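Chemist: Provide a 3D model corresponding to the input given below.
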Amino acid sequence: MTKSDEAEAAFRSRFTCSSAVFSAFSEELGLDPNTAKKIACGFGAGIAKTGNICGAVSGALMVIGLKYGKTEKDDEAATEKTRALVREFIHEFTEKNGSINCTELLGYDMRDPAAYAAARDSGVFMTKCPALVRDAADIVERIL
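Modeler: Numbering: from 1, shown residues only. Next up, the predicted model:
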């Protein structure tokens, strides 16, 4: 099973998009998948239904940080590597999907409860979001 398969399966099992992507990579990076799901939970729906950065993107960026992030105060190389990979991820995701912003990707303002309900009723979370989850997992797996 690929990382994108794992991420999509977790998303379809009702975990947030951010949790689905982050947890798909967590074990190989030394983090328990359940802990990863908890850490990433609040980033779904454009960060807690605020319509900001796509949760699948947030999950992918957390994967990059977990793998390459700075842990020593003078390790500027780790910071630069992490930032370079984040920029590469964002570029590729944006090229493929047009944005990294949840509201722009889905066409609904996640901050507005009525718009969120309309998005849910339209089925967009089960038609568009699985592809975004897969794209995020595919890109991050390739660039790691």
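
Chemist: name the element the spatially most central residue of the chain belongs to?
Modeler: Compute the mean C-alpha point of the chain, and by CA atoms, centre = their mean the closest residue is residue 56, 2.1 Å away. Using DSSP states H and E, residue 56 sits within helix 55-68.

Chemist: tell me the angle of whichever helix or strand comes after that helix relative to helix 55-68?
Modeler: The helix or strand immediately downstream of helix 55-68 is helix 76-97, counting by DSSP H and E. In terms of direction (axes from the mean of the first three to the mean of the last three CA atoms, to 10 degrees), helix 76-97 departs from helix 55-68 by 150 degrees.

Chemist: backbone torsions only: list them for residue 50.
Modeler: When read as degrees, to the nearest 10, the backbone of residue 50 gives phi -100, psi 0.

Chemist: pretty sure residue 133 sits against residue 11.
Modeler: Yes. Residue 133 lies in contact with residue 11 (CB atoms under 8 Å); the separation is 4.8 Å. C-beta: built from backbone N, CA, C; applies to glycine.

Chemist: leaving out sequence neighbours, find the closest residue to the residue nearest to the centre of the chain.
Modeler: Spatial nearest neighbour of residue 56, chain neighbours left out: residue 136 (3.8 Å); criterion: CB to CB, 6 or more residues apart in numbering.

Chemist: that neighbour and residue 92 touch, don't they?
Modeler: No. Using CB under 8 Å, residue 136 is not in contact with residue 92; the gap is 9.8 Å.
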